[in-house]
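Engineer: my questions concern the predicted model and sequence given below.
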Amino acid sequence: MKTEITFSNPDQRFWEDYADLWENSSHKSVFQAPSFLRYLAQKFDQTLAVYHCYQEQKLMGVVFLRNDDGIYKLLSEIKADYNFITIRKDCTKEETESFFRSFFEEIKTRGWALILNYQPSWAGYLKVMKQQGKTSKLYLDISKHSICPFLETETPGGILEWFNGLKNFRYYVNRLKKQQNADFEVFTSDEDLDLWVEQFCICHVKRWKGTTSPSVYNRPEKQELLKNAFRTWAKDGLLTRFSIRIGEERVAFNVALRQGNALVGHTQAYDLDFAKFSPGKALMYFIGEWMSKNNFVKIDFGKGGEAYKFGMTNGELELYKIFVSSYTNLAFILKSKMESTARSNSGFIAIYRGKIKPKIQAAKINMMTKVSKLFLLLVSSMFVQLPGKRSESFSFLFERCEYLFEI
């Protein structure tokens, strides 16, 4: 087997090989889909690193990485709920061992530090990966990082039966239709995508405004990333968008990706002005109906253990975080050990999520607001002294400062 790490956006031949690899991979994940990763590789080509392995002329496995401030992370992490490494499903145990052995040798030789977030506990290669990491005499630590709740039934009809058993979900649908003349929409292509994403971002920003977790979609570059990611998934036939429209306004959104006979929930939002109608729950019931009609037996609610998910699910899977470095990288090892220890304490995690994290986020928002206002005050006092087109210059600078401090 021939292995190599390259640092530029791969050529057309590689992407053709990768498309074949993904189609025949052990885990055909939507977050490793060819068009999606090709878009990310192009967008982040300045920090890209691609480890690939060929057996004669056949691509056997790939790891897409990016350098994030000196730490290498999986490229798909930018917009994914979990991150598989793509390996051909007919790889033998010996070939898989060779794949990871060479990978860790490259890491060791180059002195890299890796953080592989949201690694699925159900990945078939995980045991071999861990074994080869330890054999390479690198520091390797695997810690529990998050969970992935899901709903799975034996038949498509079982999905609708499950949602029928949830209190009031069907009632919320009927009430929206009768009282608000609501339309429930589903899109399985890029139809009306630009307007739909624009409305979603407005709704998402409104939903989280004033909270300790404000939306990132008030920033144009994040909106563009979202839209282009959706477009790539649509190109590969994976994107499904659900929404509730009242007149010309959409008041609830849910994005899911088709993965075999399962849906992977990716992002959602609803307009708080319609909260009394429970549009989020109504939309979930509609999704359950659609799944039953289209032969889906599982919906994966994505990473995170938010409380709202557990009323709609019947199982959960672990997501791991993997730290890799040389044993001489003491700062990296200490940080990873502290995080692993904290995450292994369920009581601490509950306190952190419920009390500590919100206070930290609130303090951060308060501090940044005060700093930005002080900075703008100082700048405005400087511009008062400047002749000529100071009003136009100040207006431009004010806009830049708003962006910089995310006011």
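Structural biologist: Perfect, I can see it now.

Engineer: can you show me the strands along the chain?
Structural biologist: 2-6, 48-55, 58-68, 71-74, 86-87, 114-120, 139-152, 183-187, 239-246, 249-259, 262-270, 298-300, 315-325 (DSSP state E).

Engineer: now render those strands as CSV, adding mean pLDDT and mean neighbour count.
Structural biologist: Glycine gets a C-beta too; all of them are placed from N, C-alpha and C. Shown next, in CSV, are those (pLDDT from 0 to 100; neighbours: other C-beta atoms under 10 Å):
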stretch, mean pLDDT, mean neighbour count
strand 2-6, 96, 14
strand 48-55, 97, 19
strand 58-68, 97, 21
strand 71-74, 98, 20
strand 86-87, 98, 26
strand 114-120, 96, 21
strand 139-152, 94, 19
strand 183-187, 98, 16
strand 239-246, 98, 23
strand 249-259, 97, 23
strand 262-270, 95, 23
strand 298-300, 96, 22
strand 315-325, 96, 19
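
Engineer: how about those, which one is nearest Glu198?
Structural biologist: strand 249-259 (9.9 Å; C-beta to C-beta).

Engineer: what's stretch 151-161 in contact with?
Structural biologist: With contact meaning C-beta atoms under 8 Å, 6 or more residues apart in numbering, stretch 151-161 is reached by 162, 262, 288-289, 291-299, 301, 312-315.

Engineer: mind running it again at 6 Å?
Structural biologist: Applying C-beta atoms under 6 Å, 6 or more residues apart in numbering, the set of residues contacting stretch 151-161 from outside is 288-289, 291-292, 295, 297-299, 313-314.

Engineer: now the strands of the chain in CSV, with distance to Asn228?
Structural biologist: Shown next, in CSV, are those (distance: least, C-beta to C-beta, whole Å):
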stretch, distance to Asn228
strand 2-6, 23
strand 48-55, 16
strand 58-68, 16
strand 71-74, 19
strand 86-87, 21
strand 114-120, 21
strand 139-152, 25
strand 183-187, 16
strand 239-246, 12
strand 249-259, 14
strand 262-270, 14
strand 298-300, 23
strand 315-325, 25
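
Engineer: how much space separates the residue found closest to Phe7 once you drop the neighbours it is linked to in the chain from Ile107?
Structural biologist: In space, Phe7 comes closest to Ala49 once its chain neighbours are excluded; the distance is 5.6 Å by C-beta to C-beta, 6 or more residues apart in numbering. Counting by C-beta to C-beta, to the nearest Å, the gap from Ala49 to Ile107 is 10 Å.

Engineer: can you check Phe44 too?
Structural biologist: 19 Å.

Engineer: ok, the two, which is more surrounded?
Structural biologist: The neighbour comparison of Phe44 against Ile107 (other C-beta atoms under 10 Å) goes to Ile107, with 23 against 16.

Engineer: my understanding was that Arg343 contacts Ser146; is that so?
Structural biologist: No - judged on C-beta atoms under 6 Å, Arg343 makes no contact with Ser146 at a distance of 9.0 Å.

Engineer: before we move on, back to that, format the contacts of stretch 151-161 as TSV; extra columns: distance to Asp194.
Structural biologist: Converted to TSV, these look like this (distance: C-beta to C-beta, whole Å):
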residue	distance to Asp194
Gly288	28
Glu289	27
Met291	27
Ser292	30
Asn295	30
Val297	33
Lys298	30
Ile299	27
Thr313	33
Asn314	37
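
Engineer: which one (most neighbours) among the residues you listed?
Structural biologist: Most surrounded of the contacts of stretch 151-161: other C-beta under 10 Å gives Met291, at 27 neighbours.

Engineer: tell me the contacts of it?
Structural biologist: Ile159.

Engineer: how near is it to Cys148?
Structural biologist: Counting by C-beta to C-beta - Met291 and Cys148 are separated by 18 Å.

Engineer: quick one: average pLDDT of stretch 274-288?
Structural biologist: Averaged across stretch 274-288, pLDDT comes to 97.

Engineer: adjust the sequence numbering to begin at 32 for everything that follows.
Structural biologist: Renumbered: residue one is now 32, and that last one reads stretch 305-319.

Engineer: and the contacts of that stretch?
Structural biologist: Outside stretch 305-319, the residues that reach it (C-beta under 6 Å, 6+ apart) are 190-191, 194, 200-201, 203-204, 207, 215, 273, 275, 282-283, 285, 301.

Engineer: and what of stretch 134-141?
Structural biologist: Contacts to stretch 134-141, defined as C-beta under 6 Å, 6+ apart, come from residues 36, 82, 163-164, 167, 169.

Engineer: just put those in JSON lines and tack on distance to Pro65.
Structural biologist: Formatted as JSON lines, those follow (distance: C-beta to C-beta, whole Å):
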{"residue": "Ile36", "distance to Pro65": "20"}
{"residue": "Tyr82", "distance to Pro65": "17"}
{"residue": "Gln163", "distance to Pro65": "26"}
{"residue": "Gly164", "distance to Pro65": "27"}
{"residue": "Ser167", "distance to Pro65": "30"}
{"residue": "Leu169", "distance to Pro65": "30"}
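
Engineer: could you single out the nearest of the residues you listed to Arg132?
Structural biologist: Gln163 (5.0 Å).

Engineer: what's around the nearest residue to the closest one once chain neighbours are set aside, how many residues?
Structural biologist: Once flanking residues are discounted, Gln163 sits nearest to Phe131: 3.9 Å by C-beta to C-beta, 6+ apart. Phe131 is flanked by 23 other residues according to other C-beta under 10 Å.

Engineer: go on, the one 5 residues further on?
Structural biologist: Each residue near Glu136 was counted by other C-beta under 10 Å, and the total is 14.
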